[in-house]
Structure formats: structure tokens, C-alpha cells
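Fold the following.
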Amino acid sequence: MKSFQFLIGLQKGQKKTDEPKRAYVLAFFISLACVLIGELNVIAPIISNFFLASYTLINYSCFSSSLSKSPGWRPAYKYYNMWLSLFGAFVCCAIMFVIQWWAALITIVIVIVIYKYVDYKSPNINWGSSTQAIVYKQALNQTLKLNSVEDHVRNFRPQLLVLTGCPSHRPALLHLASSITRNTSLMICGNIKINERKFPFDEVQAEQNYLNNEKCKAFYTCVTAPSFGVGINSLMQVAGLGKMKTNTLLLGFKTNWQKVTGPELTNYAQMIRKAFDMRFGVCVLRMERGMDISEFLQEEHTEMNLNLATATAVVGGSDADAVNRMESGNNQKVTFAIDQEQVRINMKDATASNKDFSDNNAKIQAIRHFQNKQKGKTIDVWWLTEDGGLTVLLPHIISQRAQWAGCSLRIFTMKNIKSDANDFSMARLISKFRIDCEDINIIDDLKTEKPSDAAVESFYDMIKPYQKKNLGDVDFEPWMITEEEIEKKKEKTLRFIRLQELLQKHSKDAALVFMTLPLPKDIKSSALYLAWLEEITKNLPPIVLIRGNQTSVLTFYS
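Model (predicted):
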């Protein structure tokens, strides 16, 4: 009855006997209509065909269940044979046409319509059908078959392990990953639970349901571990199966890195190092206003549910009565939905400060950036180091999506002193890779031009709290920055500061920026590495720091 909601009223029974008399009445009128035809030879073929149709489906269901080889299918009939069931289905179907061909056609059409209706409504019912068992068997066979095939650059697909935590908490990260993998490759959303006594089965199912409701074709997985380092290592090692295994790690930038403890900085840098060690490509997304909306998510005990328009009107003060009600309720919360993302703000705080609401609203709009259609802007790619081509491939994939179709692709690359490469030769190279690019710019002043003194001073002020003050500092930690390391990495630091100035000059108005991720190797201080990432990503549109694992993902051959 859940599949046919318009018949839901027929199942209501009487108070005493609980008999569905409404259904009896409907059956009476259907029977009466058949009787009023007044011609048994007309009625008999119709009724017989419906009976034969049900026998056909029953026989085929038995055959399908046997074909799936499901352990749950255990027929008790001693002389049962799956091929006999298939033969019976064909015989029943043939008899339908022998009795009356037009009645058989009408019956088949009605059965198909009912099936497609149930399939379209997709009721939340577990039928335990043989179709599910067959799909599993086919998926298993194809995965095993794929595992025996050698990898080839032409068939490379970015298979993402996305560190979303709970996917509902970081929708921007989820939607970016979905734009890359949609209908083409594997996506796994990973979460790490620290010091959990029990595995959170209910939460795993709830988050998978969230992905399904968002129409995001992805899997959700969770690992429990005594520490973050152990958890991320386990996640990267086990995510996927055979050739359906993740090869690219996507995570968010740690925007609050200046407020967290030293060990957390070390964990973050070690995670990136470990990913490269395990031959992962790495992508780090930064959005200026952050991505985590967990603090705004609706709590289960929230009683009031208002839409965004109502919330805006109330906070703006256009409804005096509503404002009075807000002031009288200290514990009330207003909730508004944006594409199934439930976001909340505290009524009292919103009444006290319209600015806070504006900031929250701006953050929500930024989070929806990857869902909105982008027009008239650019996707800028700063391809500064050869990494196998992942830095160019992912922007190309995103530019093919409907919401990014209005954006053109621009590539910025650094001049190689040892070669005579120019804009024309680089354009010819990109065209050989069949990357549709509007403009190519070769930056030749990244190493020759020095950054401004103000920018340099600002950077060193930022890292001052993390510097080791003297050689005998007993409070020194591994994540801190030594004077020796500052001097050793001075040239690279100045290059990153200059890069930030160039990004501000060329890509300030881009819809999305991709840039080569600096490698964390040969750097001892996690604080210095995070400072580099902070410097090159600050005050910019959404930016993805990306780097491949030196495995070639582009080819000249189609």
C-alpha cells in the first residue's frame, strides 16, 4: 500500500472488526462492472490472461532467484529445476496470446505500467528481490574481472577519498568532489572517530542516507582509532576494493591552524606526507569563510521550522509581532533549509546583531558555491610543477559540468629557464592533450621579482609565535620553527609570498582556482608548512591546492 498512496484510504478498517469495508466496496464495483458486460466469452479471456500473467511472473521469479545463486533461495520442492521454471514462464506467456492476443497485449501493458509506477515512486521498502541479488553477483564478477586488467593512462579516473567527517557537516567539500566524480568514478566519504568504544553503525547508515537524499553517488565509511594518525593511515589503506580503490585524497584546509595545538599541526602535515607516500594525489580545498557548518546544523530538539524568507523578514524587523515573539523566547531557534542542508541560528543573537546573521548568510551562500551555476567567470589553473597532469585534468573535468559550463579555463605556468618554452609552444602542448583552454600565461617573474617588504613583514609576523627563541629553549617542540630552517627556506618562502601577490593580481575574480600544492618534504616544521599554505591561499576565491603523485594521467592519444 505504501507504493500506491492514492489507495491508502482503503486500508482503514472499522472500529470493532478492523475490516477494510472501503476496499470491499471497491472490489464490489469492479466485480459488478465485469458482470454487467453480460458476455462470459468476453470476460473469460481477460480474467484468464491476468491469472496467466501472475503465473508467468511467479515462474520467472523462481528462475531469477536461482540464477542469482543467493544463499537465501532454498526451494523445498524435490524436483525443482530453474530451467523448468523458465520454460513454464514462456508457456504461460504463449498461452496468453493463444487465448486472445489483444487481451494479452492489454495485460502486458498494464503489468508494465504498474511496475514502472512502483519503480518511479521508489518506496522505502526492502523487497528482498532477486534483482538485488543479481546486481550483487554482476558487480562482484565485474570487479574481479577488472582486477585482472593492467592499468592504462587512457583509462585513468580520479577516484576520490574525501575527508568530509560527517558529509552533512561539509557540503561544499562534498559537492566539489561530486562535480569531479559524478557518474564517472568512485567517491568515498571518510570519517575518523577517535577513542570510540563502539562502532557507530546507526550514524554510518544515517550519513549514507544523507548522501542518497542529496543524489550524491558516493559511499560513506568510518573508522575508529586511538589517534588521528592511526585512523587516517587505516582509511587510506582500506578505502576501496581491487581496482575500485581510491587514488586521490581530497580534504579541507585547516583554517583554524593558528588556534590549534602543535600536535594537531603535525597530524595535518603528516597526513599529506603519508598520502604522497601511499601514491595518492592530494587536493586541499580552502574557502575563505570555511566549510564546516556543524555549528549551524539543526539540533534534534529544535521545535520551530521556518523557511529562509521568514527568517530574513523576522531578523530584518519587518514584522513587529514576530520580533516581539522572538524577544520573549530566549531558547527558541529558527531553522531554514537550503537544498536539504538544515541550518540554524539563535533567535536571541540574531535579534541583537543583524551583522551576525549577515555573516552566517554569507557563509551559507559561499558553501553553496559549487551548486550554483557560474557564468562569465574563469577557472584558473596555476600549473607550476610537473606532477603527471592531475593539476590540469581535474579542472578540465569540472569545466565539463553543467554548472561550470559558463566558465572558461585559463592556465598559468612558470617559465623554465633551461627551455625556450613560450605561450605558443605551451598552447600547442595543451591542445595535444585535448584540454579546451581559453588562455595560457607563462609567469616569468616568480623567481626574478621579489615580493613587497610589507608582504614579507606580514608573513614573518604570522610565524613569530611558532619560532624557537634560542638554541637552549627547553620548550622547543618538533612542530616549531628554528632560525636555521627559516634561513634555509628563505628563498622558497619569498617565492610563495610573491606567488600570493600574483594570485591577487590575476585570479582575484575567478570562480575557482587550482594551484600546485607545495610538497611537505624536506621541511621539519609543520607550522612553517601550514604558514606557506596560509600565505598562498588567503583572500582568494575558492582555491584547490592540488598535486599528483608523478603518475601520468594525460596522454596525446585519444
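
mind checking pLDDT for residue 292?
We have a pLDDT of 78 for residue 292.

Mind telling me what element it is part of?
Under the assignment given by DSSP states H and E, residue 292 is not contained in any helix or strand.

can you pull the contacts of residue 435?
By C-beta atoms under 8 Å, 6 or more residues apart in numbering, residue 435 lies in contact with 392, 396, 409. Heads up, the C-betas are built off the backbone N, CA and C, glycines and all.

my guess is the first one is in a strand, correct?
No. The assignment for residue 392 by DSSP: H, G, I helix; E, B strand; the rest coil gives helix, which leaves it out of any strand.

List the contacts of it.
So residue 392 contacts 381, 383, 411, 430, 433, 435, 554 (C-beta under 8 Å, 6+ apart).

ok, 10 Å please
Each residue near residue 392 by C-beta atoms under 10 Å, 6 or more residues apart in numbering is listed here: 381, 383, 409, 411, 413, 430, 433, 435, 437, 514, 546, 548, 553-554.

Could you pull out the strands in the stretch 51-200 of the chain for me?
Using DSSP state E, counting those that start in this stretch, the strands assigned to the stretch 51-200 of the chain run over residues 160-162, 187-194.

Show me what the shortest one is packed against.
Packing partners of strand 160-162 (3 or more C-beta pairs under 10 Å, 6 or more residues apart in numbering; DSSP states H and E): helix 171-181, strand 187-194, helix 228-238, strand 248-252, strand 281-286.

Could you do the longest one as well?
Contact partners of strand 187-194 among helices and strands, from 3+ C-beta pairs under 10 Å, 6+ apart: strand 160-162, helix 171-181, helix 201-213, strand 219-225, helix 228-238, strand 248-252.

now, of the ones you listed, which is deepest in the fold?
Among the helices and strands packed on strand 187-194, the stretch with the highest mean neighbour count (mean count of other C-beta atoms under 10 Å) is strand 160-162, at a mean of 28.

Minimum distance to residue 134: which of the strands of the stretch 51-200 of the chain has it?
Nearest of the strands of the stretch 51-200 of the chain to residue 134, taken as C-beta to C-beta: strand 187-194 at 24.5 Å.

what's the burial count for residue 514?
27 (other C-beta atoms under 10 Å).

and what of residue 411?
23.

Ok, the one 3 residues further on next?
Neighbouring residues of residue 414 were enumerated by other C-beta under 10 Å; the total is 19.

Was I right to think it contacts residue 444?
Yes. Residue 414 is within contact range of residue 444, at 7.8 Å (criterion: C-beta atoms under 10 Å).

still on that earlier bit, right, and the helices and strands packed on strand 187-194 - which one's nearest residue 261?
Relative to residue 261, the nearest member of the helices and strands packed on strand 187-194 by C-beta to C-beta is helix 228-238, separated by 11.9 Å.

Quick one: residues in contact with that closest one.
Residues from elsewhere that reach helix 228-238 (C-beta under 10 Å, 6+ apart): 161, 163, 188, 190-194, 221-225, 227, 245-246, 249, 251, 263-264, 266-268, 270-271, 274-275, 277-278, 280.

ok, now with 6 Å
190, 192, 223, 225, 267, 271, 278 (C-beta atoms under 6 Å, 6 or more residues apart in numbering).

And stretch 371-378, by the same measure?
175, 403, 404, 406, 407, 408, 410, 510, 511.

Thought residue 412 was touching residue 383, still the case?
No. Using C-beta atoms under 6 Å, residue 383 is not in contact with residue 412, being 7.0 Å away.

related to what we said a few turns ago, mean pLDDT and distance to residue 94 added to the helices and strands packed on strand 160-162, as a markdown table?
As requested, the helices and strands packed on strand 160-162 are exported to a markdown table (pLDDT from 0 to 100; distance: least, C-beta to C-beta, whole Å):
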| stretch | mean pLDDT | distance to residue 94 |
| --- | --- | --- |
| helix 171-181 | 90 | 46 |
| strand 187-194 | 92 | 47 |
| helix 228-238 | 90 | 52 |
| strand 248-252 | 93 | 54 |
| strand 281-286 | 93 | 57 |
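
tell me which of the contacts of residue 435 is nearest to residue 23?
Nearest to residue 23 among the contacts of residue 435, with distances taken as C-beta to C-beta, is residue 396, at 58.3 Å.

Can I get whichever strand or helix holds the closest one in CSV, CA atoms only?
Per DSSP H and E: residue 396 is located in helix 390-399. The C-alpha trace of helix 390-399 is given here as CSV (Å, rounded to 0.1, in the frame of the first residue of the first chain):
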residue,chain,number,x,y,z
LEU,A,390,46.4,15.8,-12.4
THR,A,391,46.6,19.6,-11.8
VAL,A,392,45.2,20.1,-15.3
LEU,A,393,42.9,17.1,-15.6
LEU,A,394,40.6,17.8,-12.6
PRO,A,395,39.9,21.5,-13.7
HIS,A,396,39.1,20.1,-17.2
ILE,A,397,36.6,17.6,-15.8
ILE,A,398,34.9,20.2,-13.6
SER,A,399,34.7,22.6,-16.6
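
Figure out how far it is from the centre of its chain.
For helix 390-399, the separation from the chain centroid amounts to 17 Å (computed by C-alpha atoms, centre = their mean, to the nearest Å).

same question, stretch 100-108
So, by C-alpha atoms, centre = their mean, the centroid of stretch 100-108 is 46 Å from its chain's centroid.

what does stretch 255-272 give?
24 Å.

Show me what counts as buried in that stretch.
By neighbour count on 16 or more other C-beta atoms under 10 Å, the buried set for stretch 255-272 is 255, 257, 264, 265, 266, 267, 268, 269, 270, 271, 272.

now stretch 530-548
Here stretch 530-548 shows 530-538, 540-548 as buried, counting by 16+ other C-beta under 10 Å.

helix, strand or coil for residue 492?
Quick answer, by three-state DSSP: residue 492 is helix.

Run a quick neighbour tally on it.
Residue 492 has 14 nearby residues by other C-beta under 10 Å.

Equivalent analysis for residue 458, please.
With other C-beta under 10 Å as criterion, residue 458 counts 15.

got a list of contacts for stretch 79-86?
With C-beta under 6 Å, 6+ apart as the criterion, stretch 79-86 contacts 59, 62, 63, 66.

And that stretch, what's buried?
Going by 16+ other C-beta under 10 Å, stretch 79-86 has these buried residues: 85, 86.

tell me the average confidence for it?
Mean predicted confidence for stretch 79-86 is 91.
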